[in-house]
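J.: could you look at this predicted model? Sequence included:
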Amino acid sequence: MNRPGGFGRYWMPPIVYCGLIFFQSSFPVPVKVPAWPFLDKAVHGAIYAVLAVLLCRAFASRPGLEGRLRLACWLSFGATVLYGLSDEWHQSFVPGRSADVMDLLADTLGGLLGVWLYAGYRSGPGRKGQVGAGGDD
């Protein structure tokens, strides 16, 4: 379905969210305060889970992908991992930051979680894996 306002409704949220991730990772790491072990990895995972959900929603809205939830989810997962990789690379140029393979792993697992949550939501009772099938998109 090519909906009026589809770009703004479906693609602007992940684009703006990626901009926020980029903006936040452009600053040096704040002074560390005592925290729970691996809290930063959980935060990475949560941030990229949200990104994956936003991308799933956007890809699923594309003409030709309606009803092809699995493909939309794979595209979203790939885009999430690539964005995580690009963000780690970007951080390698920011003073006080570095690229970290464990952060990328957390981003990847978060992306997987987001795709899984979106697919579960879209495949739930009364839904057919299509954007707008439940009338709440």
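T.: Alright, I've got the coordinates. From a predicted model like this one, the values you see are computed outputs, not experimental measurements.

J.: nearest residue to the middle of this protein?
T.: Leu51 (1.8 Å; CA atoms, centre = their mean).

J.: contact partners for that one?
T.: Contact partners of Leu51, counting by CB atoms under 8 Å, 6 or more residues apart in numbering, are 14, 17-18, 21, 80, 83, 110-111, 114. Backbone N, C-alpha and C define where each C-beta goes, glycine included.

J.: okay, and which of these map to strands?
T.: Counting by DSSP state E, the contacts of Leu51 place none of their members in strands.

J.: wait, which of these is closest to His44?
T.: Using CB to CB, Gly110 comes nearest to His44 of the contacts of Leu51, at 6.3 Å.

J.: what's next to the lowest-mean-pLDDT helix or strand in the chain, contact-wise?
T.: For the chain, using mean pLDDT, DSSP states H and E, the weakest element among its helices and strands is helix 6, scoring a mean of 77. Applying CB under 8 Å, 6+ apart, the external contacts of helix 6 come out as Ser61.

J.: so where's this protein uncertain?
T.: Applying pLDDT under 70 to the chain flags the ranges 1-5, 30-34, 126-137.

J.: hey, where'd the helices end up in it?
T.: Applying DSSP state H to the chain gives helices spanning 6, 12-24, 39-60, 69-91, 101-122.

J.: next up, the contacts around Pro95.
T.: Listed by CB under 8 Å, 6+ apart, the contact partners of Pro95 are Pro28.

J.: how close does it get to Phe77?
T.: Going from Pro95 to Phe77 by CB to CB, to the nearest Å gives 32 Å.

J.: you'd agree Leu109 is up against Gly45?
T.: Yes - with contact defined as CB atoms under 8 Å, Leu109 reaches Gly45; the gap is 5.5 Å.

J.: neighbour count winner among these two?
T.: Set Leu109 next to Gly45 and count neighbours by other CB atoms under 10 Å: Gly45 wins out with 22 against 16.
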